[in-house]
Structures are given as C-alpha cells and as structure tokens.
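Trainee: how would this look folded up:
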Amino acid sequence: MEVSNEKQAIPIADLGVDQLTYFQRQIDQEISFLTESLKELKVFESKFIASEESVINAAKVPSDGEILVPLTESMYIPAKIADSKNHLIEIGTGYFVEMSTEKAVDYFRRKQAFLKKQMEVIEGVLPEKYRARNAIVDNLQKKINVYCSQVQMNNMNIKK
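Mentor: Presented below is the predicted three-dimensional model:
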C-alpha cells in the first residue's frame, strides 16, 4: 500500500463549526505573531538607522574633540574622540569590531536592507492570513445562521 505525503485541500464549506473555530484561532495566533514580529523588526531597523547616524556624526568630530555618545535612545554620556575615522561597533551580544566609518555605515545599511526584506516577506504574508481568516469567519457565520434558522423552524414546528 502506498502512502501519500501530499497535503490535500479541503473546501472550507465542508468543515464543521468546531474545525472552523479551531482554524480561526490558529490563524489569529499566526496573525498576532506576524504582527508582533513586524513591530520588532521595525524597532531593530530604527536602531540601525540611529546607529548609522551616530557613526556619521562621530566621524564629523575631529580627533580629540568632544561628543555625546548615545548609550540608549534617551541617555548620552560625554566622551572624547580618540580616532574619528575608526569606530567600535557591536556586531552581536558582547562582540565588538573596530571598523572604519565607511565599513560601519555599510554594515548598518546592510542590516537595514536585510530587515526591510524580512519585513516585506511578512507584509506579503499578512494579507493572505487576513483573507483566510475572513473566509473562515464568513463561513462560520453562515453555518451559525443556518443552525439558528433550523432551531427557529424546529421551535415553530413544536409550537404547532
């Protein structure tokens, strides 16, 4: 006997209320996850943009010049520039690399481009998920309406 690993599509109209409710919850979770992921990617993108701007601004300050270095978005510390052409860039948790201004700016732009591609993928998937959810909700509503009308008909028949 041959076993097929192919997934078969089942028309939404053939699913029961319980199955439709299950799929609606599942798609709602997926939509929520994708939406949160998109928000997080946008936050990371803004951090890379801010880092790029910081490197560009630091490069404009002459050596031995003073500058405010951002520790966070709202906290800065005064510092003296030892070498305005080279920067210490964090490339991972606790890992730093010394880069020239050009390489640092290129690094941040590549990171931004990567994040934009990831956001485009998510932005392409989200409308599909919303369409699927809407189709499920519409079908679920139709089944509930049919059930309610059947109950009303039964109640009318019982009263006669």
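Trainee: can you map out the helices along the protein?
Mentor: Listed in chain order, the helices of the chain (DSSP state H) span 17-60, 101-159.
Trainee: any idea which of those helices scores lowest on pLDDT?
Mentor: Of all these, helix 101-159 carries the lowest average pLDDT, namely a mean of 91.
Trainee: now do it: distance to the chain's middle.
Mentor: Distance of helix 101-159 from the chain centroid (C-alpha atoms, centre = their mean, to the nearest Å) equals 14 Å.
Trainee: now that helix and helix 17-60, what's the angle there?
Mentor: 160 degrees (axes from the mean of the first three to the mean of the last three C-alpha atoms, to 10 degrees).
Trainee: any idea how far the most centrally placed residue in the chain is from Arg133?
Mentor: The centroid of the chain falls nearest to Leu38 when counting by C-alpha atoms, centre = their mean (1.9 Å). For Leu38, the distance to Arg133 equals 16 Å [C-beta to C-beta, to the nearest Å]. To be clear about C-beta, it is placed using only N, CA and C from the backbone, and glycine gets the same treatment.
Trainee: do I have it right that the residue nearest to the centre of the chain meets Met119?
Mentor: Yes: in this structure Leu38 lies within contact range of Met119 using C-beta atoms under 8 Å: 6.1 Å.
Trainee: rewinding a little: and Ser84, which of the helices of the chain is closest to it?
Mentor: For the helices of the chain, distance to Ser84 was read as C-beta to C-beta. The smallest value, 5.5 Å, belongs to helix 17-60.
Trainee: that closest one packs against which elements?
Mentor: Contact analysis of helix 17-60 by 3 or more C-beta pairs under 8 Å, 6 or more residues apart in numbering; DSSP states H and E lists strand 66-70, strand 86-92, helix 101-159 as its packing neighbours.
Trainee: at 7 Å what do you get?
Mentor: Packed against helix 17-60 by the contact rule (3 or more C-beta pairs under 7 Å, 6 or more residues apart in numbering; DSSP states H and E) you find helix 101-159.
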